[in-house]
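In: 3D model of this:
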Amino acid sequence: MATSLDLDHLRTLVAISECGGFGKAAVTLHISQPALSQHIRLLERGLKRKLFVKDGRNMKFTVDGEQVLAEARQILAAHDSALARLQVQTEQVVVVGSSEHSADQVLPEMIRALHQAFPDVTTRFEIARSTTLIEGVTKGAVDFAFILASRGNEGGREIGRTPLHWYSAPSWTPRLERDAIPLVAFEEPCALRERAMASLGDAGHRVTVAGQSTTLEGVLAGVRAGLGVALLPNFGGTPDGLVRRDDLPEVGEAGLNLITRRGLDADIEATAIAAGEAFFTRRTLQIVDIPA
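Out: Numbering: from 1, shown residues only. Next up is the predicted model:
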């Protein structure tokens, strides 16, 4: 039998109960699901009790698990109350999210701005697809995030707009009219993919998805390999190894929106807005100053 209990493992147990599952608890705690499962295994090993049992595709607490959960709540409440009485300052962490498209350009600006405004705050960041970030902000696992607003109904505050361009490998050439245009895109669901297919379709082209990926690097690799064309936002210029295509239909622009979790500190939100808008201001000046 264990002679001591790890507080992090107890917090994991409580998080699983409050979040309704292992996956959601891992997101809330900002750890991987394997790491979360390891916490439970170590807790079970130390207590020599089975805390969970399979229930269809899910896991549910055993009788022992429910008992340990009740004790965990009491232990953590006593621990946190003691810290409050002793006025022990806990680490303040701000979790910043960014879509892959804007991460290289916007995220460094955001982290610098937060560090300057809040030097005692620890900044963590998460780079993911916009749909994943929206879910993270909604659940409170991400404090705020910059997302690509391709549809226009994603919500949040628009920080700026960026043009959407077609890109291909330098050696790629459009096929004959009777052939479909090969598209390299993110896996569904993806608003950018939808706009690409709709734009080509409206111009009378047939489209085939020649390659798809869950990551931006995967999409870029497919385009560099000559599989086809990709529609991408122009945050940082033309990606390495690709060329911009002006012989395909114009698609327009997409917004970069800031979404924030409910209850986010107003000063932190203001800092995020200012940093995002400053990025777009500098970017516009740089574009204007380029000699003809």
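
In: for the residue nearest the centre of the chain, which non-adjacent residue is spatially closest?
Out: The residue lying closest to the centre of the chain (Cα atoms, centre = their mean) is Ala128, at 3.0 Å. Leaving out its chain neighbours, the residue that sits closest to Ala128 by Cβ to Cβ, 6 or more residues apart in numbering is Gly97, at 6.6 Å. All C-beta atoms are positioned from the backbone trio N, CA, C, and that covers glycine.

In: what distance do you get for the one you found to Gly252?
Out: 25 Å (Cβ to Cβ, to the nearest Å).

In: neighbour count for the two, which is higher?
Out: Gly97 (26 against 11; other Cβ atoms under 10 Å).

In: are we agreed that the more buried one is in a helix?
Out: No: assessed with DSSP: H, G, I helix; E, B strand; the rest coil, Gly97 is strand; it does not lie in a helix.

In: returning to what we had before: what's near enough to touch the residue nearest to Ala128?
Out: Contacts for Gly97 (Cβ atoms under 8 Å, 6 or more residues apart in numbering) come out as 125-128, 133, 136-137, 142, 144-147.

In: show me what the closest residue to Leu114 other than its chain neighbours is bridged to.
Out: In space, and not counting its chain neighbours, Leu114 is closest to Thr123: 5.2 Å by Cβ to Cβ, 6+ apart. In this entry, Thr123 is beta-bridged to Val94, by DSSP bridges.

In: low-scoring stretches of the stretch 1-150 of the chain, by residue?
Out: The model of the stretch 1-150 of the chain has pLDDT under 70 over residues 1-3, 88-91.

In: which stretches in it count as helices?
Out: Applying DSSP state H, counting those that start in this stretch to the stretch 1-150 of the chain gives helices spanning 7-19, 22-29, 33-47, 63-85, 100-117, 130-139.

In: and the angle for the first one with helix 33-47?
Out: Translated: helix 7-19. Counting by axes from the mean of the first three to the mean of the last three Cα atoms, to 10 degrees, helix 7-19 points 110 degrees away from the direction of helix 33-47.

In: buried residues of helix 7-19, list them for me.
Out: 9-13, 15-17, 19 (16 or more other Cβ atoms under 10 Å).

In: helices or strands up against it?
Out: Using 3 or more Cβ pairs under 8 Å, 6 or more residues apart in numbering; DSSP states H and E, the elements in contact with helix 7-19 are helix 22-29, helix 33-47, helix 63-85.

In: only the C-alpha atoms, please, for stretch 82-89, written as CSV.
Out: Coordinates of each C-alpha in stretch 82-89 appear next as CSV, following Å, rounded to 0.1, in the frame of the first residue of the first chain:
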residue,chain,number,x,y,z
ALA,A,82,-3.6,25.7,3.2
LEU,A,83,-1.8,27.4,0.3
ALA,A,84,-4.4,30.2,0.3
ARG,A,85,-3.9,30.7,4.1
LEU,A,86,-0.2,30.8,3.7
GLN,A,87,-0.6,33.2,0.8
VAL,A,88,1.6,31.0,-1.5
GLN,A,89,1.5,32.4,-5.0
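
In: re earlier: pick out whichever of the buried residues of helix 7-19 sits closest to Val27.
Out: Lowest distance from Val27 to these (Cβ to Cβ) belongs to Cys19, with 7.9 Å.

In: so that closest one versus Pro239, what's the distance?
Out: Per Cβ to Cβ, Cys19 is found 37 Å from Pro239.

In: surely the residue nearest to the centre of the chain touches Ile134?
Out: No: taking contacts as Cβ atoms under 8 Å, Ala128 lies outside contact range of Ile134: 9.8 Å.

In: if we can go back for a sec, go through the helices and strands packed on helix 7-19 and name the closest to Ala185.
Out: Closest to Ala185 of the helices and strands packed on helix 7-19 is helix 22-29 (Cβ to Cβ; 25.7 Å).

In: contacting residues around that closest one?
Out: Applying Cβ under 8 Å, 6+ apart, the external contacts of helix 22-29 come out as 11-12, 15-16, 18-19, 32-33, 35-37, 59, 136, 139-141.

In: mind redoing it with 7 Å?
Out: Residues external to helix 22-29 that are found in contact with it (Cβ atoms under 7 Å, 6 or more residues apart in numbering): 12, 15-16, 19, 32-33, 36-37, 59, 136, 139, 141.
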